[in-house]
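**Q** the sequence and its predicted three-dimensional model are supplied below.
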Amino acid sequence: MEKTALFIDGANLYSATKSLGFDIDYKRLLKEFQARGQVLRAFYYTTLVEDSEYSSIRPLLDWLDYNGYSVVTKPAREFTDSQGRRRIRGNMDIELAVHAMELAPHLDHIVIFSGDGDFRSLVEAVQRKGVRVSVVSTVNTQPPMISDELRRQADAFIDLVDLQAKIGRDPAERAGRMQETPRFLEKRGAPPSSPSDELSEP
């Protein structure tokens, strides 16, 4: 069976699915790729704003951590732009690239969930090690979420639109969850029972 690893650029994937108008069910996503091969690792990368007392993404990260994903985070950096507005900057490109290069010798197939053109050289380097690379993003937004050079470099491109029926969250489930106890009233220590799309990237 093909040995596979998933590398999810959390902010990029969230932006793409939000633009397409659906939410990801991370349990279904993992099952979908486990059905295609032996998933050795499934990484989820995101930055966190340090000073926020309770980050809205925390329950999602806790759920992922308990349910087969390796969650990789680092603090986002705050800065003030030329107009005096507070901005947040942070990406996980380096961390994702390092892990992909480290694992490549043990894999047959790497799946990158991102449309970021900065990953083109990583894809090329991994391919030189004999590993097949698929990229998951979308061309069904204006502008497309995937860079042309990344799409051309990958061995396969999977459009999120084609995966939606297999990894999307049932909208009825979301409506039902609105009636649940607000997250901030729950105990901090307990992992959430299911990944929530409301608790995605800020």
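**A** That came in fine, so what should we check first? Note that this is a predicted model, so its numbers are computed, not measured.

**Q** which parts of stretch 156-166 are buried?
**A** Buried residues in stretch 156-166, counting neighbours by 16 or more other CB atoms under 10 Å, are found at 157, 159-160, 163-164. C-beta coordinates here come from the backbone N, C-alpha and C atoms, glycine included.

**Q** cross the residues you listed against strands and list the overlap.
**A** 157, 159 (DSSP state E).

**Q** burial count for residue 134?
**A** 19 (other CB atoms under 10 Å).

**Q** residue contacts, the closest residue in space to it that isn't next to it in sequence?
**A** Spatial nearest neighbour of residue 134, excluding adjacent residues (CB to CB, 6 or more residues apart in numbering): residue 156 at 4.2 Å. For residue 156, the contacting residues are 132-135, by CB atoms under 8 Å, 6 or more residues apart in numbering.

**Q** give me the below-cutoff pLDDT ranges for this structure.
**A** The chain contains residues with pLDDT under 70 at 50-55, 86-89, 171-202.

**Q** so which residues of it form strands?
**A** Shown for the chain, the strands assigned by DSSP E span residues 3-9, 38-48, 70-75, 77-80, 86-89, 109-113, 132-137, 156-159.

**Q** which helices and strands sit right next to the second one?
**A** What it means is strand 38-48. strand 3-9, helix 10-20, helix 26-34, helix 58-66, strand 70-75, helix 93-103 (3 or more CB pairs under 8 Å, 6 or more residues apart in numbering; DSSP states H and E).
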